[in-house]
Structures are given as structure tokens and as C-alpha cells.
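Peer 1: after the sequence you'll find the predicted model.
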Amino acid sequence: MTKSKSKFKSGFVAIVGRPNVGKSTLMNQVIGQKIAIMSDKPQTTRNKIHGVYTTNEMQIVFLDTPGIHKRQSKLGDFMNTTALNTLGEVEAVLFLVDAAEGFGGGDRFIIEKLKGLSTPVILVLNKIDRVEPEALLPLIEEYSKLHDFAEIVPISAMLGNNVNTLLEQLGKYLPEGPQYYPEDQITDHPEQFVCAELIREKILHMTREEVPHSIAVTIEDMRVQDNGVVYVGAVIFVERDSQKGIIIGKQGAMLKEVGKRARMDIERLLGSKIFLELWVKVKKDWRNQDRVLKDLGFHRDA
């Protein structure tokens with residue numbers, strides 16, 4: 001049932017920033033459940049992830065965008081295009097920066113893209129739990145010289161510090177509008193998409209060097225069996241045979257551990273027991289092939 005209050009507010013908010021500044025962590029903290037994968041490796045998010053936050057007064061649809069970065073493949077080009085195209089679709093933009101890392105060249109590049117917007121931009125200084133309080137003011141002054149931000153809010157997305165304050169500030173920029181999604185819905189992505197991302201997250205955590213960015217995951221089959229257990233069949237795509245060997249591991253140990261960890265998260269997501277079956281296949285240089293990217297769900301107009 002949609003909200004009928006005349007002053008109910010709603011709108012779309014984009015989260016942008018350099019890779020690995022905590023965009024997915026922030027959205028998961030706001031939503032209260034994992035819908036975007038988290039990793040200490042950059043360029044983790046590849047698609048726009050929509051998270052839905054609803055109260056009695058407002059509904060915010062968050063768009064967690066890929067980190068804007070120097071492209072190294074057609075996939076990287078897709079990710080940058082996806083992030084930048086989002087900026088014209090929203091009521092407000094959260095520009096998330098890593099307070100512990102400080103100002104960087106990537107921040108300057110993003111600010112240049114933000115300057116032409118009429119959309120209010122809120123500067124969010126994340127990871128304040130990792131910096132001394134007296135270091136924040138000089139950092140705020142440095143960013144403020146480059147752009148006239150509508151608000152500046154320091155937070156810790158991981159710990160939840162000041163996140164409610166950020167939500168209150170966002171409410172000021174939302175217009176009166178309808179409730180787009182039911183109040184218990186937290187994402188507009190199908191369950192298959194989130195399940196595939198959770199599997200990819202486990203691989204990101206367990207591999208290193210070139211392997212993480214060479215991986216894509218698709219759900220080939222998902223159904224409730226007669227015994228009530230949900231069957232999930234997923235394919236992990238890599239670019240080279242050597243990467244396939246790494247993912248499978250000695251006597252299948254790596255793939256088994258990936259499946260074990262992913263199954264726990266997917267069961268929490270679905271609220272039921274699952275049987276997870278994983279396959280590993282090679283698609284040579286898939287990140288630079290337009291047809292393969294499209295088959296795997298990476299569309300330039302996404």
C-alpha cells in the first residue's frame with residue numbers, strides 16, 4: 001500500500017565517488033541489509049545498485065554507482081558511463097570521499113563533472129573513525145574551495161556514525177511525491193542479481209592480483225524444489241584457463257569454500273535453505289568484448 005499523506009516525500013539519490021571509498025558500505029548501512037557487495041579491492045561495483053529506504057515520512061531510492069576511475073577496458077568504460085549518466089536522473093548527489101585517505105586526483109576529476117549540475121551535491125566525508133577530529137576541518141576547507149556543496153556531513157558508514165544525520169539532511173532536498181516501492185522492499189534488483197553479486201563478493205575476498213576483476217557471475221537456474229529448498233545454479237566466468245584453476249583450487253577446495261560462504265549470505269537474503277551449485281567457465285578477454293559484456297548484463301544504457 002502506498003503512502004497517502006500529502007506531505008510524503010520521495011526521490012532518487014546517487015552515491016558517487018572514487019573506487020573503494022565506502023559507497024556500498026553506506027548503502028548497506030542505510031538499508032540494513034546487504035544488497036551491494038563490499039570489498040577492499042577497488043572497482044567492486046559494476047552496475048547501478050538501487051537500494052530503497054522507507055519511513056513514514058519519505059522514501060529514498062539510492063543509486064550506488066560504480067567507482068569513477070581511469071578506464072583500462074571496455075568494462076571500465078561502461079562503469080564510468082554508468083556512474084556519470086546517473087547524475088542527471090536524481091534529486092541529490094552524495095559525493096563520498098575517504099577522509100582517512102585525503103584529497104586525491106580522482107576527487108578533482110569527479111568534482112569537475114559535478115560542477116555543471118543544478119542538482120544539490122552533498123559532500124560526505126566517510127571513515128571518520130580512522131582520522132583525528134582536528135584533521136577534518138582542513139580537509140573540509142580543501143574540498144569547499146573546489147565546489148559549493150549544499151551540505152557537508154562527516155560519517156562512518158561502517159559503524160553507522162552520523163548516518164541518521166545524513167538521512168535527515170537528504171530529506172530537505174526531496175520533493176513531495178509518491179511511494180515508488182512497497183515499504184518492505186529494499187531493492188529493485190531481482191533476487192538472482194543479488195545472489196550473483198554475493199557469490200562474486202566471496203571470490204573478491206579470497207583471490208588477489210588480476211583475478212578479481214576478471215570475474216563475472218550469472219545465475220543460470222533458480223527454483224524452489226519439492227522439499228522446499230531453493231536450488232541456485234551459478235556460472236563463474238573468468239578470462240583465462242589459469243584463472244579457472246585458481247577459482248577451482250586444489251581438489252576443488254577454493255570453489256567449495258566460495259560456495260560455503262556465499263550460501264550463508266544467500267540463505268539470509270532469501271530466508272530459506274538453499275542448494276548452491278557452481279560452475280567455472282572461460283570467456284577469453286570478456287571485459288573487452290561488447291557482445292559478451294551485453295550477454296553478461298553490462299549494457300551501456302543501464
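Peer 2: Thanks, I have it. Numbering: from 1, shown residues only.
Peer 1: for the residue nearest to residue 247 when sequence neighbours are not counted, helix, strand, or coil?
Peer 2: Using Cβ to Cβ, 6 or more residues apart in numbering and skipping the chain neighbours, the partner closest in space to residue 247 is residue 280 (5.0 Å). Bear in mind the C-beta positions are built from the backbone N, C-alpha and C, glycine included. Following DSSP: H, G, I helix; E, B strand; the rest coil, the label given to residue 280 is strand.
Peer 1: number of residues surrounding residue 281?
Peer 2: A count of nearby residues for residue 281, using other Cβ atoms under 10 Å, gives 10.
Peer 1: quick one: contacts for the residue nearest to residue 247?
Peer 2: By Cβ atoms under 8 Å, 6 or more residues apart in numbering, the contact set of residue 280 is 235, 236, 237, 238, 244, 247, 248, 255.
Peer 1: in its sheet, what does the helix or strand hosting the third one sit against?
Peer 2: Right, the one you point to is residue 237. Per DSSP states H and E: residue 237 is located in strand 230-238. Sheet pairing of strand 230-238 (DSSP bridges) gives strand 216-224 (antiparallel), strand 274-282 (parallel).
Peer 1: and those, which one's lowest on average pLDDT?
Peer 2: Lowest mean pLDDT within the strands paired with strand 230-238: strand 216-224, at a mean of 87.
Peer 1: please save the CA atoms from that strand in CSV.
Peer 2: Taking Å, rounded to 0.1, in the frame of the first residue of the first chain, the C-alpha atoms of strand 216-224 are listed here in CSV:
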residue,chain,number,x,y,z
ALA,A,216,31.6,-12.3,-13.7
VAL,A,217,28.9,-14.4,-12.2
THR,A,218,25.5,-15.3,-13.7
ILE,A,219,22.6,-17.2,-12.2
GLU,A,220,21.6,-19.9,-14.7
ASP,A,221,18.8,-21.5,-12.7
MET,A,222,16.9,-20.7,-9.5
ARG,A,223,13.8,-22.6,-8.4
VAL,A,224,12.1,-24.0,-5.3
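Peer 1: buried ones in it?
Peer 2: By neighbour count on 16 or more other Cβ atoms under 10 Å, the buried set for strand 216-224 is 216, 217, 218, 219, 222.
Peer 1: could you measure from residue 127 over to residue 239?
Peer 2: Going from residue 127 to residue 239 by Cβ to Cβ, to the nearest Å gives 32 Å.
Peer 1: again, but for residue 96
Peer 2: 30 Å.
Peer 1: more crowded one of the two?
Peer 2: Legend: neighbour count by other Cβ under 10 Å for residue 96 and residue 239, higher for residue 96 (25 against 20).
Peer 1: do I have it right that the more buried one meets residue 24?
Peer 2: No - at 10.2 Å, residue 96 and residue 24 do not qualify as touching, with contact defined as Cβ atoms under 8 Å.
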